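Enquirer: Turn this into a model:
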Amino acid sequence: MFIKLELMLVGSCLGKSESGNSKIRCNVFNHTGQGKLFSYPISTKENNAKMEEPYWWYVLFVRTNSERRVVREITDYVKANKFNFEFEAFIPESEYYYRNKKRELWKEYLKRPLFPGYVFIETDLQSQDFLKIFSQIFHNSLDIIKILRYGENGEIAISTEERRRLEYMFKGKRCFEHSQGFIVGDKVIIENGPLIGREGNIKYINRHNRIAKVEFEMFGRSMFADVALEIVKKF
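Expert: Have a look, this model is predicted:
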């Protein structure tokens, strides 16, 4: 079934191609784990830097190491069907400290998926319309395992509260950047970075590798991810 939606493509656009088409932004990763940007011309509608409310996030659980293929597959599907709605498929990133070939830890940051095995979709489509548009590709894809849902009511969109909490930590960059802090006794105090005020979410710290295991709440349950944390001093 084809559903025509009279919605404007704006929020996730980066700019215009030479042909004047707006571009949709998709974050994918190469074999080194570094982020790379692919742009696909989608619509001739005028673009904006940020999607306007209301919009929703949906999360796909995908096969290991298939995240970038899924991002491109979904984006190409939207492009081929010339759908006219706001859309961005992306993989949330996390900074990490780089080690050179001698296994020396440098104060240089690269990026990798924050939640390996998950692909996020931002769109102004509500749940019912979202499923009607994308159910076919979800069913036919060899890489997409399922769309995440809340256990009690089966809702597929991340709650606004959870989405805004993640957006605040991403600082509008789709990336969980590094933090810095110090330790007093057994207490961690963050001086700067997305972990400020969220010390309680830190469950484990590896000072040698500058990694912290952080607890996130998504779909009403806990998820854990490794993020960059430099402990500059211990008292």
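Enquirer: State the number of residues packed around residue 158.
Expert: Using other Cβ atoms under 10 Å, residue 158 has 22 neighbouring residues. Heads up, the C-betas are built off the backbone N, CA and C, glycines and all.
Enquirer: now it, nearest residue through space, not along the chain?
Expert: Nearest non-adjacent residue to residue 158, counting by Cβ to Cβ, 6 or more residues apart in numbering: residue 57, 4.4 Å away.
Enquirer: Ok, residue 211 next?
Expert: The shortest distance from residue 211 to any non-neighbouring residue, by Cβ to Cβ, 6+ apart, is to residue 226 (5.1 Å).
Enquirer: Tell me which stretches of the protein form helices.
Expert: For the chain, the helices defined by DSSP state H cover 67-81, 127-140, 160-170.
Enquirer: now these in JSON lines, with distance to residue 117 and mean pLDDT?
Expert: As requested, those are exported to JSON lines (distance: least, Cβ to Cβ, whole Å; pLDDT from 0 to 100):
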{"stretch": "helix 67-81", "distance to residue 117": "7", "mean pLDDT": "95"}
{"stretch": "helix 127-140", "distance to residue 117": "15", "mean pLDDT": "95"}
{"stretch": "helix 160-170", "distance to residue 117": "17", "mean pLDDT": "91"}
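Enquirer: from those, which stretch is densest packed?
Expert: Highest mean neighbour count of the helices of the chain: helix 67-81, a mean of 18 (counted as mean count of other Cβ atoms under 10 Å).
Enquirer: on that earlier part again, just so I know, which of the helices of the chain lies nearest residue 202?
Expert: helix 160-170 (12.7 Å; Cβ to Cβ).
Enquirer: Dump the closest one to PDB, keeping only the CA atoms.
Expert: C-alpha atoms of helix 160-170 as PDB (Å, rounded to 0.1, in the frame of the first residue of the first chain):
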ATOM      1  CA  THR A 160       9.900  11.800  24.700                       C
ATOM      2  CA  GLU A 161      11.600  11.900  28.100                       C
ATOM      3  CA  GLU A 162      14.100   9.200  27.200                       C
ATOM      4  CA  ARG A 163      14.800  10.700  23.700                       C
ATOM      5  CA  ARG A 164      15.400  14.200  25.200                       C
ATOM      6  CA  ARG A 165      17.700  12.700  27.800                       C
ATOM      7  CA  LEU A 166      19.800  11.100  25.100                       C
ATOM      8  CA  GLU A 167      19.800  14.200  22.900                       C
ATOM      9  CA  TYR A 168      21.000  16.300  25.900                       C
ATOM     10  CA  MET A 169      24.000  13.900  26.300                       C
ATOM     11  CA  PHE A 170      24.700  13.800  22.600                       C
END
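Enquirer: Now do it: which elements does it pack against?
Expert: On a contact count with 3 or more Cβ pairs under 8 Å, 6 or more residues apart in numbering; DSSP states H and E, helix 160-170 meets strand 56-62, strand 211-218.
Enquirer: ok, of these, where does mean pLDDT dip lowest?
Expert: Across those, strand 211-218 has the smallest mean pLDDT, namely a mean of 92.
Enquirer: May I see the buried residues of that strand?
Expert: 211-212, 214, 216, 218 (16 or more other Cβ atoms under 10 Å).
Enquirer: Could you dump the helices of the chain into a markdown table and include distance to residue 99?
Expert: Converted to a markdown table, those look like this (distance: least, Cβ to Cβ, whole Å):
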| stretch | distance to residue 99 |
| --- | --- |
| helix 67-81 | 23 |
| helix 127-140 | 37 |
| helix 160-170 | 25 |
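Enquirer: First-to-last residue distance for stretch 215-222?
Expert: 6 Å (Cα to Cα, to the nearest Å).
Enquirer: How far does that stretch sit from its chain's centre?
Expert: Centroid separation between stretch 215-222 and its chain, computed with Cα atoms, centre = their mean, to the nearest Å, is 15 Å.
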